[in-house]
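Chemist: Sequence first, predicted model second:
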Amino acid sequence: MAFISNTSSVSSVMLKVLFALIPAIAIYQLYFGPAILVELALASITAILAETLILRVRRLPVMPFLMDGSALVTAWLLALSMPPLAPWWLIVIATLFAIIIAKHLYGGLGNNLFNPAMVGYAVMLISFPAHMTQWPAVEGLAHAHLSFGETLRFIFGGDLPASMRLDALTMATPLDTLRTQLLLGRPVQDISAMPVFGYIGGKGSELIALAYLAGGTYLLQQRIITWHIPAAFIGSLALLAFGFNAFDSARYVAPWFHLATSSAMLGAFFIATDPVSGATTPKGKIIFGASIGALVYVIRTWGGYPDGVAFAVLIMNMCVPLIDAFTQPRVFGHDKKKP
Amino acid sequence: MSQPAYREIIGNGLWKQNTGVVQLLGMCPLLAISTSVVNAVSLGLATALVMAASNGAISLIRNLVPKEIRIAVFILIIAALVTAIQLALNAFVHPLYLVLGIFIPLITTNCIVLARTEAFASKNRFMPSVVDGFMMGLGLTLVLVVLGGLRELVGKGTLLSGIDLVFGATSKAWVWHVLPDYKGFLLAVLPPGAFFGLGLLIAGKNWYEQRAARANATIPISLAPHA
């Protein structure tokens, strides 16, 4: 984070990031049930244990590095990205992969090339596609409800209460519904009248997106992130969506639908703004953010997966050294043409 | 030129200059074929055979080939030998031939084969060249087997799956289901798994050697007189 003021340490930055996520988590558990809380707890515990273990192996002081909170941020971002009604080992393996391989084997905080949370997510999506699509149905559309105890029993044992089937609890996400229905040849106008859609985005998830936006605004106001990446991300996604929607509104969904997806807002404010794996120069940040937004649109519209934030972020992570090298600001006193 | 000792040739091939984890040559088949132990052993042994034969053949003619066109001559010989191996595999273990597919003819372009003929066989006598080629191939096979075993175990929870391609349907019972009722970690079988696995193997070897070097170095350093 290039804009960390001198007084704040990594740990207070991370605390503020966690704090900014809380409203979204509250709405999440209100609309999609208590499973997300279990998921957050599992991810947090795994992240702390994995971080301690790998710090020991690397012979680094455990407490200072553990207390910086970066492992917890990775864990929370992962938990918020993964489907909550999945078996416990899914989030545990994802977190282990994120912390041990994506973060520490690449050199630890400050050196990792890729966003650890997105590596963990992408690995799981590629390896366990069936489990990674078990999204819970939104409040009001679910045919059955799980109490907190039943949720625990399902996540850890895979047991559902008698007479309840998994199909009654899960359903396709709005983006997935849009994708499959479009493939069936239905126009966007008909699809967005389906019950899984809300006011402008997905039912329930649009409110989570709003909460991410609020959290992101708080981070901006606290100067923990700068405006460049989120603005460029959202701007390019909106611009592309607007252009194609204006061209053919039956085949390309409206721009506000893209913006109201929780993954876009989480990605723009919390994931793409990762100071380690993202671009660092102001101009570079704009290129980085805009490219991610464009890739998200491309993957969502023409790609094989319904959503593409994780892949877009990982692809652009690879380009960061190049972007940074080309956007070095002129050093004061040096000639403009000869860097 | 002095001839290196066999002991040294063998040590270089299997460990010190291992093609897979030290020289990092021949990555394409290494990463593509190491999805299971059976595939890995088959391609590894085929490569080792080609390397022994090509090193031997080139060592015999090393004084006859003009320096300027040696690479073309070497490649021609290697290609002929690979074709022979390919036809043999096609004739005797046809199902396996179908699985390995394009990677058998690609042994020709495997840089490790040309590298050994150029670096070793073109300067050494017949027997040491044959041993060098075979040991380098065996070193590659070793890495392939470990990587293949790792990927197969993590990816599918089995070992030796596909053995029936080599020994016929009766050997199907030899497949070892190490982790029964395993969901399968698909990433390990997919290309990223190969890169992660190879990275971990290289890291493991470096770690082992550094530890060994540290253990050996402590006493001499403390007693060494100041220069």
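Modeler: Structure received.
Chemist: Report the contact partners of the residue of the stretch 151-300 of chain A found nearest chain B.
Modeler: With Cβ to the nearest Cβ as the measure, A:G158 is the residue of the stretch 151-300 of chain A nearest to chain B, at 11.6 Å. Every residue, glycine included, has its C-beta placed from N, CA and C. Residues near A:G158 by Cβ atoms under 8 Å, 6 or more residues apart in numbering or on different chains: A:P87.
Chemist: Now it. Its backbone dihedrals?
Modeler: phi 80, psi 10 (degrees, to the nearest 10).
Chemist: Near chain A, which residues of chain B are found?
Modeler: B:183-188, B:190, B:192, B:196, B:199, B:203 (Cβ under 8 Å from any Cβ of the partner chain).
Chemist: And these, which of them are buried?
Modeler: Neighbour-count burial (16 or more other Cβ atoms under 10 Å in any protein chain shown) applied to these gives B:185-188, B:196.
Chemist: What are the contacting residues of the helix or strand of chain B with the lowest mean pLDDT?
Modeler: Lowest mean confidence among the helices and strands of chain B (mean pLDDT, DSSP states H and E): helix B:164-167, at a mean of 72. Contact with helix B:164-167 is made by B:38, B:42, B:93, B:95-96, B:99, B:170-172, B:174, as judged by Cβ under 8 Å, 6+ apart.
Chemist: Let me see the contact set for B:A53.
Modeler: By Cβ under 8 Å, 6+ apart, the neighbours of B:A53 are B:81, B:130, B:133.
Chemist: got a winner among those residues for most neighbours?
Modeler: B:G133 (31 neighbours; other Cβ atoms under 10 Å in any protein chain shown).
Chemist: gap between that residue and B:A119?
Modeler: 11 Å (Cβ to Cβ, to the nearest Å).
Chemist: same question, A:G158
Modeler: 56 Å.
Chemist: thinking again about what came up before, just curious, which of the contacts of B:A53 is nearest to A:R153?
Modeler: Comparing these against A:R153 with Cβ to Cβ places B:G133 closest, at 60.4 Å.
Chemist: What parts of the stretch 1-150 of chain A come near chain B?
Modeler: Residues of the stretch 1-150 of chain A lying close to chain B (Cβ under 8 Å from any Cβ) are A:93, A:101, A:105, A:123, A:126-129.
Chemist: which of those count as buried?
Modeler: For those, buried by 16+ other Cβ under 10 Å: A:93, A:101, A:105, A:123, A:126-128.
Chemist: can you give me the strands in chain B?
Modeler: Along chain B, the stretches classed as strands by DSSP state E are B:158-159, B:176-177.
Chemist: quick one, which of those strands is packed in tightest?
Modeler: Counting by mean count of other Cβ atoms under 10 Å in any protein chain shown, strand B:158-159 has the highest mean neighbour count of the strands of chain B, with a mean of 19.
Chemist: picking that back up, closest to chain B out of the buried ones among the residues of the stretch 1-150 of chain A next to chain B?
Modeler: Nearest member of those to chain B, counting by Cβ to the nearest Cβ, is A:S127, at 4.2 Å.
Chemist: Where does pLDDT dip in the stretch 1-150 of chain A?
Modeler: A:1-8, A:143 (pLDDT under 70).
Chemist: 90 instead, please
Modeler: By pLDDT under 90, the low-scoring segments of the stretch 1-150 of chain A are A:1-15, A:30-35, A:57-70, A:84-87, A:105-111, A:126-150.
Chemist: quick one, helices of it?
Modeler: Under the criterion DSSP state H, counting those that start in this stretch, helices of the stretch 1-150 of chain A are mapped to A:10-32, A:35-57, A:62-66, A:70-81, A:88-96, A:116-127, A:148-157.
Chemist: ends of stretch A:58-72, how far apart?
Modeler: For stretch A:58-72, the first-to-last residue distance is 19 Å (Cα to Cα, to the nearest Å).
Chemist: ignore the last one, stretch A:263-283
Modeler: The first and last residues of stretch A:263-283 sit 24 Å apart, counting by Cα to Cα.
Chemist: before we move on, what about stretch B:100-109?
Modeler: Start-to-end span of stretch B:100-109 (Cα to Cα) is 15 Å.
Chemist: buried stuff in that stretch?
Modeler: Within stretch B:100-109, judged by 16+ other Cβ under 10 Å, the buried ones are B:100, B:103-104, B:106-108.
Chemist: so what's the nearest residue to A:I22 once chain neighbours are set aside up against?
Modeler: Nearest non-adjacent residue to A:I22, counting by Cβ to Cβ, 6 or more residues apart in numbering or on different chains: A:G215, 7.7 Å away. The contact partners of A:G215, by Cβ under 8 Å, 6+ apart, come to A:20-24, A:269-270.
Chemist: returning to that earlier point: could the buried residues of stretch B:100-109 be laid out in CSV, adding pLDDT?
Modeler: Shown next, in CSV, are the buried residues of stretch B:100-109 (pLDDT from 0 to 100):
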residue, pLDDT
B:L100, 82
B:F103, 83
B:I104, 86
B:L106, 84
B:I107, 85
B:T108, 84
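Chemist: Farthest-apart pair in the residues you listed, please.
Modeler: B:L100 and B:T108 (13.9 Å).
Chemist: on that earlier part again, tell me the confidence at the residue of the stretch 151-300 of chain A closest to chain B?
Modeler: pLDDT recorded at A:G158 is 79.
Chemist: That one and A:W88, how far apart?
Modeler: 9 Å.
Chemist: can you check A:W256 too?
Modeler: For A:W256 relative to A:W88 (Cβ to Cβ), the value is 36 Å.
Chemist: B:P191 - how many residues pack around it?
Modeler: Counted with other Cβ under 10 Å, B:P191 comes out at 11.
Chemist: right, I mislabeled it, should have said B:N18
Modeler: 23.
Chemist: Return the backbone torsion pair for it.
Modeler: According to degrees, to the nearest 10, B:N18 has phi -50, psi 130.
Chemist: wait, what's in contact with A:V296?
Modeler: Here A:V296 is in contact with A:233, A:237, A:258, A:264, A:267, A:307-309, A:312 (criterion: Cβ under 8 Å, 6+ apart).
Chemist: export these to a markdown table and tack on secondary structure and neighbour count?
Modeler: A markdown table is the format used below for the contacts of A:V296 (DSSP: H, G, I helix; E, B strand; the rest coil; neighbours: other Cβ atoms under 10 Å in any protein chain shown):
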| residue | secondary structure | neighbour count |
| --- | --- | --- |
| A:F233 | helix | 33 |
| A:L237 | helix | 28 |
| A:H258 | helix | 25 |
| A:A264 | helix | 28 |
| A:G267 | helix | 32 |
| A:D307 | coil | 22 |
| A:G308 | coil | 23 |
| A:V309 | helix | 28 |
| A:A312 | helix | 27 |
